[in-house]
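>>> compute the structure for the input listed below.
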Amino acid sequence: MNVTDWRGNTYTLGDTILYPRMSGRSVEMQEAVVVDLYHVHYSRETWDWARLPEGEAVTAETPLRVRVRPTGRGSRKFYAVGKDVTILITDNITKVEARS
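Next up is the predicted model:
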């Protein structure tokens with residue numbers, strides 16, 4: 001699956017992104033690698049969000065989730081390394097272009 005960030009850049013599994021994260025009332029930009037992209041739906045069986053089954057139609061009621069693995073590089077040194085994070089609000093994700 002390919003997703004487009006707010007700048008129009010396409011990202012997918014294995015790409016490096018930046019996303020905002022908070023610690024208390026402080027916000028930082030965190031660098032991470034995308035490890036999973038999936039849509040969810042609200043399940044009336046569990047009364048919670050569940051992964052949309054493969055092949056199901058994506059609608060406005062099936063929001064995107066992006067699971068990432070932080071690299072340890074962040075703008076304010078609130079390091080989050082070694083633990084995958086699921087981003088619920090994906091509108092602020094920015095793809096990082098590879099340096100040459």
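>>> could you dump the worst-scoring helix or strand of the chain on mean pLDDT to PDB, C-alpha only?
Every helix and strand of the chain was ranked by mean pLDDT, DSSP states H and E. The lowest is strand 16-23, at a mean of 91. Provided in PDB are the C-alpha atoms of strand 16-23 (Å, rounded to 0.1, in the frame of the first residue of the first chain):
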ATOM      1  CA  THR A  16      11.700   7.100   6.700                       C
ATOM      2  CA  ILE A  17       9.200   9.700   7.900                       C
ATOM      3  CA  LEU A  18       8.900  12.400  10.500                       C
ATOM      4  CA  TYR A  19       5.900  12.700  12.800                       C
ATOM      5  CA  PRO A  20       5.100  15.000  15.700                       C
ATOM      6  CA  ARG A  21       4.900  13.500  19.200                       C
ATOM      7  CA  MET A  22       4.300  14.900  22.600                       C
ATOM      8  CA  SER A  23       5.900  14.600  26.000                       C
END
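>>> name the residues of it that are buried.
By neighbour count on 16 or more other Cβ atoms under 10 Å, the buried set for strand 16-23 is Thr16, Ile17, Leu18, Tyr19, Arg21. Every residue, glycine included, has its C-beta placed from N, CA and C.
>>> quick check, nearest of the residues you listed to Ala60?
Of all these, Tyr19 has the smallest distance to Ala60: 22.1 Å, by Cβ to Cβ.
>>> from Glu97, how far off is that closest one?
Separation of Tyr19 from Glu97 (Cβ to Cβ, to the nearest Å): 16 Å.
>>> what does Asn9 give?
Applying Cβ to Cβ to Asn9 and Glu97 gives a distance of 8 Å.
>>> so those two - more neighbours on which side?
Set side by side, Asn9 and Glu97 show more neighbours around Asn9, with 15 against 9, by other Cβ atoms under 10 Å.
>>> and the strands in the protein?
Taking DSSP state E to define them, one finds strands in the chain at 3-4, 10-11, 16-23, 26-43, 48-51, 64-74, 85-87, 94-95.
>>> what's the distance between the residue of the chain most remote from its centre and Gly55?
In terms of distance from the mean C-alpha position of the chain, Glu45 ranks first, at 25.6 Å (Cα atoms, centre = their mean). Counting by Cβ to Cβ, the gap from Glu45 to Gly55 is 19 Å.
>>> perfect, I'm done here.
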